[in-house]
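Visitor: this one's sequence-less:
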C-alpha cells in the first residue's frame, strides 16, 4: 500500500486542493459564485460551452442514431404513461362513452378508422372494451405533437 | 466510439451539460491558476484559448471520439473530462506558444540581419532553436514559485482560526490526498472534508487574486521581458 505522498511544492499543494474540491458536490449557485470570484462570467461561459457541445453533437456520426434512440425512449414513456392512465375502475357505460369521446377527438382519418373498428360495442365483453379504451388512449397520446417532435 | 459511451452521452440532458460545463470551468480555472502562462492570466490563455474553450475542447474530443471514453473503466464522465482538461492545459502550458517569449531586445533586429556573421543564425532561427529551459523561463519559474509560496503563507494565515481547515492543510502537507486518508489521519468526517475542500479552494482563488494585485503594484515582482 502506498504511504503518504507529501506535495513537492506549494503549487502541488494548491493543485491537490483543487482536485479534492472538484470531487466535492457543488451546487450551481456555489459554482457560479466561485467562478465570479475567479473573474469568470459563469452564464456566458456555460452558454458558450453549451453551443459548442450542441454543434459537436450535431456533427457526431452517432447524432441521428442518438436522436432516434431518444425519440424511441420518449415514445415508450408516452405509452407507459397511457397504460398507467387507463381507468380500469370505470363502469361499462362510462368506458363506451370515453371510447366515443376519444374517437371524436382523433384526427379525422384515424377517427373514422377506429369508429368503424369499434362500432359493435354491445357485443363486446367488458375486457374488450377496456382494451379498446386503452388502445385509443395510447393512440391519442402518440398523435399529440409536442414542441420539438 | 464505444456504443456504451454513445448511449451514455446521448442520455445527458441540456441542463446536465450546463452543470457539467460550469463544474468543469471551475476545475479548469483551479488547474490553470497553478500553471505559468505568458498571458499572466489564468482565464485568457495563449493561442487565443480560454478556460472555457479548453473545457469545450475536452468535451468535443470525447463527443467526436478523439478521446475514447469507456464508461466501463471510467464510470464518472466528469472525472474523465477533468483528466482530458489536465492534459490539454499541460500541453498548452508547455507548448511553443506559451514558452516562446517575446523579447523587446530583439525587436528591430530584422533590418540589421544582413550584418550578422554567416555562422550565426538569424534572430528568429535562434529564437526557435532555443532550449526549453532558457534563463528567462527559469527566472519566470522562480518568480512563479515565490508567488505560490506567498499565496500559501496567506492561506495558512487565513486558516489559522478555523480548526477544520487547519487540520486539512496539515494532513495535506503530510501527504494525505484522499478524503478517506485525511479523515483517518485527522478524525474529520469525510463529508466535512469535501465541504472544507470547497472552502479552501475558494480561499485559494481569493488569495491568488490578492497576490496578483500585490505583484501588479509597481516595483513588486515585475520583470520586463
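Guide: On my side now, so go ahead. It should be emphasised that the depicted structure is a prediction, and the values quoted were computed from it without experimental measurement.

Visitor: which residues are contacting stretch B:192-208?
Guide: The set of residues external to stretch B:192-208 that reach it, using CB atoms under 8 Å, 6 or more residues apart in numbering or on different chains, is A:14, A:17-18, A:20-21, A:23-26, A:30, A:34, A:37-38, B:29-30, B:33, B:42, B:151, B:154-155, B:158-159, B:164-165, B:168-169, B:179, B:182-183, B:188. Any C-beta I mention is one placed from the backbone N, CA and C, and that applies to glycine too.

Visitor: Quick check: ChimeraX command selecting the buried ones in the residues you listed.
Guide: For anyone working in ChimeraX, the buried entries among the contacts of stretch B:192-208, judged by 16 or more other CB atoms under 10 Å in any protein chain shown, can be selected with:
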select /A:14,17,18,20,21,23,24,26,34,37,38 /B:29,30,33,42,151,154,155,158,159,164,165,168,169,179,182,183,188
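
Visitor: if you look at the contacts of stretch B:192-208, which of them are in helices?
Guide: A:14, A:17-18, A:20-21, A:30, A:34, A:37, B:29-30, B:151, B:154-155, B:158-159, B:164-165, B:168-169, B:179, B:182-183 (DSSP state H).

Visitor: how close does the residue nearest to the spatial centre of chain B sit to chain A?
Guide: When chain B is reduced to its mean C-alpha position, the closest residue under CA atoms, centre = their mean turns out to be residue B:32, at 2.1 Å. Residue B:32 sits 9 Å away from chain A when distances are taken as CB to the nearest CB, to the nearest Å.

Visitor: nearest residue to that residue other than its sequence neighbours?
Guide: If you skip the residues right next to it in sequence, residue B:32 has residue B:42 as its closest partner in space, 4.2 Å away by CB to CB, 6 or more residues apart in numbering or on different chains.

Visitor: Repeat that for residue B:175.
Guide: Across the structure, with CB to CB, 6+ apart as the measure, the residue nearest residue B:175 apart from its sequence neighbours is residue A:4 (3.1 Å).

Visitor: contacting residues around the one you found?
Guide: Residues near residue A:4 by CB under 8 Å, 6+ apart: B:174, B:175, B:176, B:181.

Visitor: How many residues are close by residue A:55?
Guide: 13 (other CB atoms under 10 Å in any protein chain shown).

Visitor: near chain B, anything from the helix or strand containing it?
Guide: Here residue A:55, judged by DSSP states H and E, is contained in helix A:42-59. Yes. For helix A:42-59, a contact with chain B is found by CB under 8 Å from any CB of the partner chain, at A:42, A:45, A:46, A:48, A:49, A:50, A:52, A:53, A:56, A:57, A:59.

Visitor: Could you list the buried residues of that helix?
Guide: Judged by neighbour count using 16+ other CB under 10 Å, the buried positions of helix A:42-59 are A:42, A:45, A:46, A:48, A:49, A:50, A:52, A:53, A:56, A:57.

Visitor: Let me know the distance separating the residue nearest the centre of chain A from chain B.
Guide: For chain A, the residue nearest the mean C-alpha position is residue A:74 (5.4 Å; CA atoms, centre = their mean). Residue A:74 is 12 Å from chain B, where distance means CB to the nearest CB.

Visitor: Quick one: mean pLDDT over stretch B:205-213.
Guide: The average pLDDT for stretch B:205-213 rounds to 82.

Visitor: try stretch B:34-45
Guide: For stretch B:34-45, mean pLDDT rounds to 85.

Visitor: Other residues contacting that stretch?
Guide: Here stretch B:34-45 has contacts from A:11, A:14-15, A:18, A:38-40, B:29, B:32-33, B:46, B:50-51, B:54, B:89-90, B:92-93, B:98-99, B:101, B:140-141, B:144, B:148, B:208, using CB under 8 Å, 6+ apart.

Visitor: what's the answer for stretch B:167-184, then?
Guide: Under the contact criterion CB under 8 Å, 6+ apart, stretch B:167-184 has outside partners A:3-7, A:13, A:16-17, A:19-20, A:23, B:155-156, B:159, B:185-186, B:188-190, B:193-194, B:196-197, B:200.
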